[in-house]
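Visitor: With the input below, show me the fold.
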Amino acid sequence: MNYSEFVTKISSLAPSKEELFEYGMDDSESNEIRELFFFHKKTDQGESQSSSLNCFFDEYTTKGKEVGGIQFLEQVVEFENGFSIFAKLEVELFCLDSQSDEIYLLDESGNTLHFVSKSFDSFLDIIYWSAYFKRYKEKKTTLIVEVIKNLIYEKEDKSNIDFLNHFFKKTTR
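Guide: You can find the predicted model right below:
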């Protein structure tokens, strides 16, 4: 899914004010929680020839946004070696390799832990489905991993399964 579709789909997962009132939240608390589901468009940046990742960060405010356990950085941190850090999962970092467009998960020292996805767009698929299952309280890690494997990735490409298992263990505790 491209980043515009992601923004729309994530906002559709926001709980209603009524749902939050049932949990005893007042208007202020309700608004604060609902706001987490909305990425706001920055002022018009014009047409960009950048990657999907850079376009997403150029067009939307990501400060304080967390989806499916993954916290977006306020801006992309680019390094001379062609790698860009853009999000984190606890202390682990998500990195885009600009040569291949692939996403990797790094430990806090910068060592590669897992291959995550073939592109930023497929990364957005992963975190959308994680948020979707959390929202609708499907807590069975095995079921979630199987659905994502079948919906998102070609059946012959299992190179990111270690990451998926790692991710869902951390985010479905």
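
Visitor: Neighbouring strands - and their directions - for the strand with the most length in the chain?
Guide: The residue-count maximum for a strand in the chain (DSSP state E) belongs to strand 70-78. Here strand 70-78 is paired, per DSSP bridges, with strand 66-67 (antiparallel), strand 83-89 (antiparallel).

Visitor: quick one: buried residues of the longest helix anywhere in the chain?
Guide: The longest helix of the chain (DSSP state H) is helix 120-135. Residues of helix 120-135 classed as buried: 120-134 (neighbour count, 16 or more other CB atoms under 10 Å). Just so you know, the C-beta spots here come from the backbone N, C-alpha and C atoms, and that holds for glycine as well.

Visitor: Now for this protein, the helix or strand with the poorest mean pLDDT.
Guide: The least trusted helix or strand in the chain, going by mean pLDDT, DSSP states H and E, turns out to be helix 141-152, with a mean of 55.

Visitor: Not counting its neighbours along the chain, what's nearest the residue nearest in space to the middle of the chain?
Guide: Computing the C-alpha centroid of the chain and ranking residues by CA atoms, centre = their mean puts Ile127 first, at 4.1 Å. Distance criterion CB to CB, 6 or more residues apart in numbering; nearest residue to Ile127, sequence neighbours excluded, is Gly68 at 4.3 Å.

Visitor: pretty sure that neighbour contacts Asp125?
Guide: No: in this structure, Gly68 is not within contact of Asp125 by CB atoms under 8 Å, at 10.9 Å.

Visitor: picking up where we left off before, what pLDDT is listed against the residue nearest to Ile127?
Guide: Reported pLDDT at Gly68 in the predicted model: 80.

Visitor: if I pick it, what's in contact with it?
Guide: By CB atoms under 8 Å, 6 or more residues apart in numbering, the residues touching Gly68 are 126-131, 134, 171.

Visitor: could you dump the residues you listed to JSON lines with distance to Lys42 and pLDDT?
Guide: Supplementary listing: the contacts of Gly68 in JSON lines, determined by distance: CB to CB, whole Å; pLDDT from 0 to 100:
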{"residue": "Ile126", "distance to Lys42": "24", "pLDDT": "86"}
{"residue": "Ile127", "distance to Lys42": "21", "pLDDT": "89"}
{"residue": "Tyr128", "distance to Lys42": "21", "pLDDT": "89"}
{"residue": "Trp129", "distance to Lys42": "26", "pLDDT": "83"}
{"residue": "Ser130", "distance to Lys42": "25", "pLDDT": "81"}
{"residue": "Ala131", "distance to Lys42": "22", "pLDDT": "85"}
{"residue": "Lys134", "distance to Lys42": "27", "pLDDT": "78"}
{"residue": "Thr171", "distance to Lys42": "28", "pLDDT": "66"}
